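In: Requesting a structural model of the entry that follows:
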Amino acid sequence: MSASDGVFNNLRQKLDVLGYTQTLPLAGIPLVAALFEDLVKSTESLRDAKKKIVDLLEEKSCWELGVEPYKCDNSRLLVECNQLHQQNLKDREDYEQRNFELLQKIRNLVTDKFHLEEQCQQLQQQLSSLLAKHQNIITGPNMKNVKDKAKKPFVSTVRSGERIPPLLESRGNIRCTKCTSQTTRPYTADSASVGVDKMPSVALKNEIDRLEDRVKNLTDQLEFHKRKIESRDREIRRLNELLTGGRPPAALAKDCCFKDVRGMSEDIENLQREKTESLNKIREYQEQMHEAMERALSLETHNKQLQHDLDELKVAALAVETQANSEIAQREQELEDLQNELKKLRNRPEKGDNRTQIGRRAGGAGDGVNNSNDSSAVAALNADKRRLNERINELTQRDAELKSENERLLKKLSKLKGKIHGMQKELQDNVQQKEQRTDEEKIRLKSERDFFQKEYLRLISKAGSEKEVEFLQSQIKSKDDELRLLRAELCLRQQERLMPSVNTVNAATATTTAGSLASARSNHSAKSTFSAASSDCVQAVVLRAERERDCARAELERVRCERDTLREKHVSLLQAQSLETQKSQTHIGELNARLRQLERENRELSTARVPHETHIALLKEEIDELKRQIFTLQEENTKLRTRNSQFKILNEQTERTLQEYQSKLAIAERQLQTADTRLNDLDSNREVTHREAAQLRNEVAALKKTYVSLESEKDKILTQLDAKTERAYQLEFELKLCKEKRLALEKEVKELEEKLSQLTAKTRERTAELHETSTESKSLRQQIAALKISRDEAIAENGRLSNELAERQAEILTLKKKLKDSNFEIEQLKQQLRQYVAEVKKAEDLLTHKEKEREEMLEHYRSLSHDAVILEGNNQSLEVEAAEHKRQITELEDEIKALKQEICSRNGLIAQLEDKLTALNAQNAKLERELEDALDEQHLLKVDLAARKELCDKLDVERDKLNAELTELNEIKRKLERDNEKLRADLEKSSNGQKVSSETLEELLTKTRRDLEEQIKVDSKLSQELVRQRQQNDDLLRELDAERQRRHQQETLAQEYQIQNQELRHNLTDDRFRQARSRDQSPRYPSQTFTNKKNNKV
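Out: Presented below is the predicted three-dimensional model:
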C-alpha cells in the first residue's frame, strides 16, 4: 500500500505542476502514468526537433547568403539575354525587310524587262515594215527615170509625198510599263489601223501584269508580316515563361551546369501546392475561428443556464435543510412529550400497587365488595399498559425512521455540495478558457485593426480606388465592433466570476476544513501555471497574426503589381488599336481611290464588250425561262409535300387521341387497384388491432405476475423487519423515497392511461377510415351517375361538333390558300435576303481585303518621310469617305433590321396560321374519334356499372364486418379499463406494503448508480485525456505549420539580423573603447563592474 500511495502522490504532484487539477481515480493510475510518460517523451522530441529546425534554418540562411551573388549575376545575365534577343529580332526583321524590298525590285525589273522586250519587238516590226515601204518607194521613181533618160537630158531627184517618221518620236514612245506607256501612232494608214486594233489588248495585258505583280508583292508582304508576328509571339511566350516560372528548364540544361532541373521544377511545383494548401488551411482556420466564436457564445449561454440551475439547486438545498431542521425539532419535541407521558404513566401504576397493598393490609379478609372494583381497575390498568407499550413501540419506530431520514438528508446535502463545488470549478475553468480566448482574439483583432489602418493610410497616400477604401473602412468598423463586443463579454465574465466566488465563499464558511485549504493551494498553483501557459498562447497568437499580416501584405503587393502591368498592357493595346484604326482609315482611302480607277477601266472595257454582253443577255433569258420552269416544278413539289405533311399530321393526331383514351383506361384501372389496396389496408389494420389487444393482455398478465412477486417480497421483508429492529431509525428516513416511488408508479399508471388513450385514438382513426371508405363508395356511385349524364351530353355534343366540323373544313380551305400565298411571299423575301446577305458578305470581304492591303501599305510606306504631306491630304479625304461608308453601312444595317422585322412578323403570322390549322385539324380528328369512343364507352360503362355494383355489395359486407370488429374492440377496451381500475386499487392497497421492498430495491439501485457514476467519471476522464492528446497533436501540427511559416519569414529577416549584428558590433567596439578610456581615467573601479556592465549591455 505504501508503494501505491507513493506512485499516486508522485503522479498527483506531476499533474498539479502541469495544471491538471481533476480528481484521479485509482483505476486510472496506470493509464495516466503511461500518458504522462508519452507526454514527456513528446515534449523532449519536440525540443530536439526545434533545435534541429533552428540548425537547419541557420544553414539555410548561410546557403542563401552564398546564393545571393549568383542571383544577381543571373538577373544581370537575364537582362543581357533579353537585350540580345531583342537585337536579334530587330536584325532579323531588318534582313527580311531588305530581302523583301530587293525581291520586289527584282520582280519589277523583270516585268520592265519583259515589257521592254515586247516593245523592242514591236518597234523592230515597225522598222522592218517602214524599210520595206521605203525601198518600194525608192525603186518606183528609179524605174521611171530609166525610162525617161532617153527623152530628157537631165536627171532630177524626186521625193515622194509621204515622209519618213523621225526616230525621235519613236524613241519618245519607248517607255516603262510603270509609267503607263502607250503604243506609237504611225502616220501611215496601215500602221494606224493595226495600232488601233492592238491598243486595248496591249493595255489590258500591261494592266493585268501590273496587278499580278502587285498581288505577289502584297502576298510577300503578308508572309513577311506573319513571320514578324510569329517571332514577336515567340518572344512574348519566352518572356511570359521567364515571368511565371523563372528561366525554362531547357535553357538551364543547355546553358547552366545544373543537372537536377527536373527536381528543382518538381520542388517548385510542390512549393506552389504547399502554398495553395496553406492558403486553404488559412481559410479553414478562419472558418474554425468563426466556429470557435460561435461555440464560445453558445458556451456562454450554456454557462448562464448552468449558473441559473446552480442557484436553483442552492435554493432547493437551503429549503430542504430548513424543512429537515424544522421536522427534526418537531420530532424531538414529540419525543420529549412522549417520554414525559411515559414517566407519568409508570408512576401511576406504582401508586396503584401501593394503594392496593395498603388496602389489603387495612381491610383484611372482610373486604369482598372491593375485590370486584380492584379487579376492574387492574384490568383497566393492564389495558392502559398495553396501549402505552404499543404507543411506545410506534414512537420508537418513528424515532428510528426520523433518524434514518435525517442521515439520508445529510448525505444528499453533502452530495449536492460536492456537485455544486464541481460545477463551480467547471465554471471557473470555462471562464478562464474564455478569458484566454477573448485575450487572444483581442490581440488578433488589434493587430488586424492596426494592419488595416496602415493599409488604409497607405492606400490613401497612393490614391487608391474609392471601393477599396470603403471596403477597408467597413472591415475596420467590423473589427472595432468585434473588439467592443469582446470587451463587453469580458466585463460580463468578470461579473459572473465574482458571483460564483461569493457563492464559493459562503459554501466554504459552511464547511471549513483543512482539505479546503489544500484544494485552494492546488487551485492557486494551477491558476499560476495556467496563466503562464495563456501568456505563451497569446505570444504564439500574436506571432501567427504577424505572419498572416506579412503574407497578406505580400499578396497585396503582388496583386498591385499585376494590376499595374495589366493597366500598362491595356494602355499599350489602346494605343495600338488607335494606330491600327488610323492605318485602316488611310488604307481604306487608298483602296477607294484604286477602286475608282478600276471602275473607270471597267467602263472602258464594257464599251468593247457590248456584243459579248448581248449574247450573254440572250443566254440569261434562256436561263430565266429554265428557272421559271424549275420554280413551277418546285411549287408542285411543295404542294405535294404540304399534302403529305397534312396526312402525317392527321395520322399523328389520331395516334395521340388513341394514347389519351388508353391513358384514361389505365387511370380507371389504377383507381380500381387503389380501392383494392385500401380494402387490404383495412384488413391489415384490423389484424394489427387484434395483435395490440393481445399485447395489452400479456402486459396485464405480466403486471399481475409482478404484483404476486412483489407480495412475496413483501412477506420476506416483513419477516426481516421483525429480525432487524435495530434499523428502525433508518425506516423513517426512507419514507420519502417510498413516496417518490409511489409517484413513479403513479406516473407509470398515467403512462398506461396515455397508452389506453392512444389506443382509443387509433380506434377512432379506424372508425374514421371506415367512414371514409363508406363516403368513397357513395362518391363512386355518384360518379357512375355523373358518367351516365356525361354520356348523354357527349351524344348531344357530337351532333353540334359535326356541324362545326363542316364549317371548320371550309375555313381550312380558305386558310390553305392564304398559306400558299404567304409561303410564296416568304420565299421571295428569303431570296432577296440571301442576295442582300451575299452582297453584304462581299462588301465585308472587300473591306477586310482592303484593311489588309491598308496595313501592308502602311507598314511599307512607314519609312518614307516625303510622303507625309500627301498622306495628310489623303487622310482627310479618307475620313470623309469613311464617314460616307459608315453612313451607308448604318443605312444598310437599318434596312437589314427592317427586313428582319418584316420576316419575323411574317413568320409570326405563318406560325399563327399553322397553329390554327393544326388546332382545327386536331379538333376535327378529336371529334371523329370522340364519336367512335363514345360508342365504345357506352359498352364499357355498362360493364363498369355491373362491376361497380358488385364492388359496392362487397364493400357493404366488409363494412358490416368492420363494425362488428369495432364493437368487439370497444368491449375489449372496456374490459381493459376495468382491469386498469382494479390494478389501481391493488396498487393503492399494496403501496403501503411495498415500502420496505422499494427501500431495499432503492438501496441496490443507489449502489449500482454509484458504481455506474464512478465508471462514467472514469470514462469521461479517459475521453478528456484522449481529447487533450488529440488537441496536443493538433497543436503540434499547427506549430509545425507555424514553424514552416517562420522559416519563410526568417529568410526575409536574416538580412535584417545581419545589419543589426553589424550595428551591434560597432556599438560593442564603441562601448569597449569608452570603457577602456573610463578605466584609464578612473582606476578605482574594479574589473567586475566592467564585466557586469558589459553583460548588461549585451
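
In: domain assignment for the chain?
Out: Using automatic domain parsing, the domains assigned to the chain come out as 26-146+187-255, 263-354+383-423, 438-508, 609-861+871-1081.

In: What is the distance between the last one and the centre of its chain?
Out: Average the C-alpha atoms of domain 609-861+871-1081, do the same for its chain, and the two points are 21 Å apart (CA atoms, centre = their mean, to the nearest Å).

In: State the three-state secondary structure for Lys1017.
Out: Recorded secondary structure, Lys1017: helix (DSSP: H, G, I helix; E, B strand; the rest coil).

In: nearest spatial neighbour of it, skipping sequence neighbours?
Out: Pro25 (6.9 Å; CB to CB, 6 or more residues apart in numbering). Where you see a C-beta, it was placed from the backbone N, CA and C, and this is true even at glycine.

In: where's that neighbour relative to Glu64, distance?
Out: According to CB to CB, to the nearest Å, Pro25 and Glu64 sit 55 Å apart.

In: Gln597 now?
Out: Distance from Gln597 to Glu64, by CB to CB: 72 Å.

In: Who has more neighbours out of those two?
Out: Glu64 (13 against 10; other CB atoms under 10 Å).

In: Can you show me the helices along the protein?
Out: 2-18, 29-148, 167-173, 189-245, 249-255, 261-363, 369-461, 466-510, 514-608, 610-723, 728-733, 735-860, 868-1081, 1087-1097 (DSSP state H).

In: could I get these as JSON lines with mean pLDDT?
Out: Below are the helices of the chain laid out as JSON lines (pLDDT from 0 to 100):
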{"stretch": "helix 2-18", "mean pLDDT": "78"}
{"stretch": "helix 29-148", "mean pLDDT": "81"}
{"stretch": "helix 167-173", "mean pLDDT": "39"}
{"stretch": "helix 189-245", "mean pLDDT": "67"}
{"stretch": "helix 249-255", "mean pLDDT": "48"}
{"stretch": "helix 261-363", "mean pLDDT": "71"}
{"stretch": "helix 369-461", "mean pLDDT": "71"}
{"stretch": "helix 466-510", "mean pLDDT": "60"}
{"stretch": "helix 514-608", "mean pLDDT": "64"}
{"stretch": "helix 610-723", "mean pLDDT": "73"}
{"stretch": "helix 728-733", "mean pLDDT": "62"}
{"stretch": "helix 735-860", "mean pLDDT": "74"}
{"stretch": "helix 868-1081", "mean pLDDT": "74"}
{"stretch": "helix 1087-1097", "mean pLDDT": "43"}
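
In: what's the most buried one of those helices?
Out: The highest mean neighbour count among the helices of the chain belongs to helix 728-733 (a mean of 20), with neighbours defined as mean count of other CB atoms under 10 Å.

In: Need the domains of the chain in JSON lines (columns: distance to Asn10).
Out: Shown next, in JSON lines, are the domains of the chain (distance: least, CB to CB, whole Å):
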{"stretch": "domain 26-146+187-255", "distance to Asn10": "9"}
{"stretch": "domain 263-354+383-423", "distance to Asn10": "25"}
{"stretch": "domain 438-508", "distance to Asn10": "29"}
{"stretch": "domain 609-861+871-1081", "distance to Asn10": "18"}
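
In: Let me see the contact set for the closest residue to Leu409 other than its chain neighbours.
Out: Leaving aside its chain neighbours, Leu409 sits nearest to Ala324 (4.7 Å; criterion: CB to CB, 6+ apart). By CB atoms under 8 Å, 6 or more residues apart in numbering, Ala324 lies in contact with 405-406, 409.

In: Setting aside sequence neighbours, what's the nearest residue to Arg1047?
Out: The nearest residue in space to Arg1047 (CB to CB, 6+ apart) is Leu57, at 5.9 Å.

In: so that neighbour touches His1048, yeah?
Out: No. In this structure, Leu57 is not within contact of His1048 by CB atoms under 8 Å, at 10.4 Å.

In: returning to that earlier point: is it true that the residue nearest to Lys1017 touches Ile1016?
Out: No. Using CB under 8 Å, Pro25 is not in contact with Ile1016, being 11.3 Å away.

In: rewinding a little: from Leu18, how far off is the residue nearest to Lys1017?
Out: 18 Å.

In: Glu37 too?
Out: Distance, Glu37 to Leu18, by CB to CB: 13 Å.

In: just to revisit the earlier point, relative to Val7, which of the domains of the chain is closest?
Out: With CB to CB as the measure, domain 26-146+187-255 is the member of these nearest Val7 (6.6 Å).

In: gap between the closest one and the chain center?
Out: Going by CA atoms, centre = their mean, where domain 26-146+187-255 is centred and where its chain is centred differ by 48 Å.

In: go on, stretch 312-327?
Out: 57 Å.

In: let's number from 51 now, not from 1
Out: All set: I'll call the first residue 51, so the last point we hit is now stretch 362-377.

In: Could you report the pLDDT at Trp911?
Out: Wrong residue type there; residue 911 is Tyr, not Trp. At Tyr911, the model reports a pLDDT of 56.

In: Just want the phi and psi numbers for Pro75.
Out: phi -80, psi 160 (degrees, to the nearest 10).

In: burial of it, as a residue count?
Out: Around Pro75 there are 15 other residues, counting by other CB under 10 Å.

In: roughly how far apart are it and Lys465?
Out: Taking CB to CB as the criterion, Pro75 is separated from Lys465 by 17 Å.

In: ok, the closest residue to Glu476 other than its chain neighbours - contacts?
Out: Nearest-residue entry for Glu476: Leu356, 7.8 Å, with adjacent residues in sequence omitted and distances by CB to CB, 6+ apart. Applying CB under 8 Å, 6+ apart to Leu356 gives the contacts 473, 476-477.
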